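*Asks:* prediction below, plus the sequence it came from.
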Amino acid sequence: MPMRLSFLSAAALAVTLAPSAGAGAGTVTPEAVTAALPLLERQAQAAVDRGDVPGLSIAVVYRDEVVFLKGFGRREAGQPAAVDADTVFQLASCSKPIASTVVAALVSAGTVTWDTRIADIDPGFALAEAYPTQQLTIRDLFAHRSGLPGEAGNELEALGYDRDEILHRLRQVAPASSFRAGYSYSNFGITEGAVAAAKAAGMAWEDAAQQLVYAPLGMASTSSRHADFLSRPDRAALHVRVGGDWQAKLTRDPDAQSPAGGVSSTARDMAQWLRLELGRGRYAGQDLIRRDALDQTHQPLMARGANPVTGAAAFYGLGWNVEYGRHGLQWDHAGAFSVGARTLVSLYPDDGIGIVILANAFPTGVPEGLADSFFDQVFDGRVTQDWPAKWGRIFDGLFGPAVAASQARYGTPPASPSPALPAAAYAGRYANAYLGTAAVVERQGTLWLTLGPRQQAEFPLRHFDRDLFVYAPSAETPDLLAAVTFRIGPDQVADQVTIEDLDDLGLGVLTRAAP
């Protein structure tokens, strides 16, 4: 039977959790941790019982020991299989600090430094401007300070482009800020930094992660390949709310951005990684990663403003959020897929304590609510606020304003809309260098927009007014509408189309191409 830890007695903690090399030396006591664990368990079970999430898996590490390890709820809503400590979850952006650990291992081995230039190890990669392209380093990409707009590449992934093609097309994107002057959270920026570092070692990224981190830590159920996640019989489905209920309707293959969002793992495995992080590169009595290589990932480099709920001063390091809040120095990172995943890792290194919370639903603030309540109890002996409720309100309102705005614009057509031209005026192929080719075709009286490298993304268009049509680009938010607007040439045939939701970077305008 797999080990399932719940919580240990104060006496047991006092004996088994004596400070170890690399562990925090703060003020948190074993007795305080023991007192907080029953609350964590009760709150996690209550969250599942209320329907806040279908399932959770949680691990707590304190002074180099796993003191809590348990699953709650169901892998898939309405199905009998229970979540346990060995249920594999998709981590989404909690992959980023893991990627920084892998690169720290490459730095520790002398393969690269954090300041190795991308041009020297991956000369085929380019940004829009020559100077940043030549000076860009691994550190720049992991700190989100390259100037690359945060959303760049995400829409290409959604359309089905692979990693190599997405990274190649980033050169089409105008910078969001001057080089190293602005913070912009970029999935594909971190992906390029990680892939280039592994390339310097002559390795694929997925192999580097396995050989340098997962295997040495015994993380047998962890992978950076989506196919491995699909092969696990004990895996959590993704859930979105439909009519107030959680439903497993959608899936997510994040291989294109694997270093930034493609890791899958269990609470049991993640606890071993927490031990390595809290041990500053030391694990099970051995120095696996040089402390100076790993410590650089935790240095605050870019200001992010204040935490929206706690008010803590927040910064970004290298794949890590670094905060200075009510309990002192904190390293953390959250992850989410809008199609149904939520994860959180939060560490207080000075006290040698950390938590990982994996949830199979989105949107939900349960991970933050549980973590903030737990750490209040650990540090203060009491929970100071209703953190689950506060975080729940943040996430409950996440999509609402955008959906309401789109419905206000496009939910109801004009009372007397101008008629569209015949379908043949709009049908055809359109293209640009960033999005590639789009096709507009007529099927049984309806125009369809098809996108992606294999034209696999298909959307029906609903006429709104004259040459403006609307569609729903995201399956998880079917009420969020976007415009598709055609420009009509002198021959009364469309010569250009603007796809509103793909135009945030100014790259959503496509010109009619030859058949």
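*Replies:* In hand now; what should we look at?
*Asks:* dump the residue contacts of the residue nearest the centre of the chain.
*Replies:* Geometric centre of the chain, nearest residue: Ser93, 2.5 Å, by C-alpha atoms, centre = their mean. Ser93 makes contact with Asn187, Ala260, Gly261, His333, Ala334, Gly335, Ala336, Thr343, according to C-beta atoms under 8 Å, 6 or more residues apart in numbering. In short, each C-beta sits where N, CA and C put it, glycine included.
*Asks:* tell me the one of those residues nearest Lys70?
*Replies:* Among the contacts of Ser93, Thr343 lies closest to Lys70 (C-beta to C-beta), at 16.0 Å.
*Asks:* quickly list what that closest one is bridged to.
*Replies:* Applying DSSP bridges to Thr343 yields these beta-bridge partners: Gly335, Leu358.
*Asks:* now do Gly73
*Replies:* Residues in beta-bridge contact with Gly73 (DSSP bridges): Gly55.
*Asks:* before we move on, back to that, quick check: pLDDT value at the residue nearest to the centre of the chain.
*Replies:* With respect to pLDDT, Ser93 has a value of 98.
*Asks:* quick revisit: which pair in the contacts of Ser93 spans the largest distance?
*Replies:* Asn187 and Thr343 (14.8 Å).
*Asks:* hang on, the earlier thing: Three-state assignment for the residue nearest to the centre of the chain, please.
*Replies:* The three-state assignment at Ser93 reads helix, by DSSP: H, G, I helix; E, B strand; the rest coil.
*Asks:* how close does Ala359 sit to Ala267?
*Replies:* 11 Å (C-beta to C-beta, to the nearest Å).
*Asks:* which one's more surrounded, these two?
*Replies:* Neighbours were counted for Ala359 and for Ala267 using other C-beta atoms under 10 Å; Ala359 has more, 33 against 27.
*Asks:* isn't that one right up against Gly369?
*Replies:* No. The criterion here is C-beta atoms under 8 Å, and Ala359 misses it with Gly369 at 10.8 Å.
*Asks:* which of the contacts of Ser93 are buried, as a ChimeraX select command?
*Replies:* Selecting the buried subset of the contacts of Ser93 in ChimeraX, with 16 or more other C-beta atoms under 10 Å as the burial test, is done by:
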select :187,260,261,333,334,335,336,343
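*Asks:* quick one: which of the contacts of Ser93 is nearest Gly71?
*Replies:* Nearest member of those to Gly71, counting by C-beta to C-beta, is Thr343, at 14.0 Å.
*Asks:* please enumerate the helices of the stretch 351-500 of the chain.
*Replies:* Along the stretch 351-500 of the chain, counting by DSSP state H, counting those that start in this stretch, helices occupy 366-380, 387-396, 400-410.
*Asks:* so which residues make contact with the second one?
*Replies:* Counting contacts by C-beta under 8 Å, 6+ apart, the residues outside helix 387-396 that touch it are 43, 47, 52, 308-309, 362-366, 368-370, 372-373, 376.
*Asks:* now do 10 Å
*Replies:* Residues from elsewhere that reach helix 387-396, judged by C-beta atoms under 10 Å, 6 or more residues apart in numbering: 43, 46-47, 50, 52, 241, 308-310, 336, 342, 362-376, 386.
*Asks:* can I have the buried ones of the residues you listed as a ChimeraX selection?
*Replies:* Remark: buried members of these, expressed as a ChimeraX selection using 16+ other C-beta under 10 Å:
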select :43,47,52,241,309,310,336,342,362,363,364,365,366,367,368,369,370,371,372,373,374,375,376
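*Asks:* taking the mean pLDDT, what do you get for stretch 106-125?
*Replies:* Computed over stretch 106-125, the average pLDDT equals 98.
*Asks:* chain center to it, what's the gap?
*Replies:* 24 Å (C-alpha atoms, centre = their mean, to the nearest Å).
*Asks:* return it as CSV; C-alpha atoms alone will do.
*Replies:* What follows is stretch 106-125, C-alpha atoms only, in CSV (Å, rounded to 0.1, in the frame of the first residue of the first chain):
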residue,chain,number,x,y,z
LEU,A,106,23.1,22.6,-15.5
VAL,A,107,24.7,25.7,-14.0
SER,A,108,26.0,23.6,-11.1
ALA,A,109,27.6,21.2,-13.6
GLY,A,110,29.3,24.1,-15.5
THR,A,111,27.4,23.5,-18.7
VAL,A,112,26.1,27.1,-18.7
THR,A,113,25.8,30.0,-16.4
TRP,A,114,22.7,32.0,-15.7
ASP,A,115,24.3,34.8,-17.8
THR,A,116,25.1,32.6,-20.8
ARG,A,117,23.9,34.3,-23.9
ILE,A,118,21.2,32.6,-25.9
ALA,A,119,22.9,33.6,-29.1
ASP,A,120,25.9,31.5,-28.1
ILE,A,121,23.9,28.3,-27.3
ASP,A,122,20.9,28.6,-29.6
PRO,A,123,21.9,31.0,-32.4
GLY,A,124,18.7,30.3,-34.4
PHE,A,125,16.6,32.1,-31.9
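*Asks:* and Ala104, its phi and psi?
*Replies:* phi -60, psi -40 (degrees, to the nearest 10).
*Asks:* overlap in contacts of Ala359 and Ala267?
*Replies:* Leu56, Ser57, Ile58, Val83, Phe89.
*Asks:* burial count for the fourth one?
*Replies:* Using other C-beta under 10 Å, Val83 has 27 neighbouring residues.
*Asks:* what sits against it?
*Replies:* Val83 touches 48, 53-58, 70-76, 89, 234, 236, 267, 358-360, counting by C-beta under 10 Å, 6+ apart.
*Asks:* against Ala483, how distant is Ser406?
*Replies:* 9 Å.
*Asks:* which residues do the two both contact?
*Replies:* Common neighbours of Ser406 and Ala483 (C-beta under 10 Å, 6+ apart) are Val470, Glu500, Asp501.
*Asks:* tell me the two of the shared contacts of Ala359 and Ala267 that are most distant?
*Replies:* For the shared contacts of Ala359 and Ala267, the maximum inter-member distance is 11.1 Å, found between Ile58 and Phe89 (C-beta to C-beta).
*Asks:* so which of the two has more stuff around it?
*Replies:* Phe89 (31 against 27).
*Asks:* give the contact list for that one.
*Replies:* 55-57, 75, 83, 229, 235-238, 263-267, 270, 335, 341-343, 356-360.
*Asks:* go again using 7 Å as the cut-off
*Replies:* Ser57, Ala236, Ser264, Ser265, Ala341, Thr343, Leu358, Asn360 (C-beta atoms under 7 Å, 6 or more residues apart in numbering).
*Asks:* now Glu442
*Replies:* Counting by C-beta under 7 Å, 6+ apart, Glu442 has contacts Ala423, Ala427.
*Asks:* what about it, distance to His463?
*Replies:* 12 Å.
*Asks:* flag every buried residue along stretch 401-417.
*Replies:* Buried residues in stretch 401-417 (16+ other C-beta under 10 Å): Val403, Ser406, Tyr410.
*Asks:* wait, I meant stretch 191-204
*Replies:* In stretch 191-204, counting by 16+ other C-beta under 10 Å, buried: Thr191, Glu192, Gly193, Ala194, Val195, Ala196, Ala197, Ala198, Lys199, Ala200, Ala201, Met203.
*Asks:* next one: stretch 155-168
*Replies:* Residues Glu155, Leu156, Glu157, Ala158, Leu159, Gly160, Tyr161, Arg163, Ile166, Leu167 are the ones in stretch 155-168 that count as buried (16+ other C-beta under 10 Å).
*Asks:* stretch 442-460 too?
*Replies:* Of the residues in stretch 442-460, those buried (16+ other C-beta under 10 Å) are Leu447, Trp448, Leu449, Thr450, Leu451, Gly452, Gln455, Phe459.
*Asks:* quick one, strands of the stretch 1-150 of the chain?
*Replies:* 55-62, 65-73, 89-90 (DSSP state E, counting those that start in this stretch).
*Asks:* distance between the first one and the chain's centre?
*Replies:* A distance of 19 Å separates the C-alpha centroid of strand 55-62 from that of its chain, computed with C-alpha atoms, centre = their mean.
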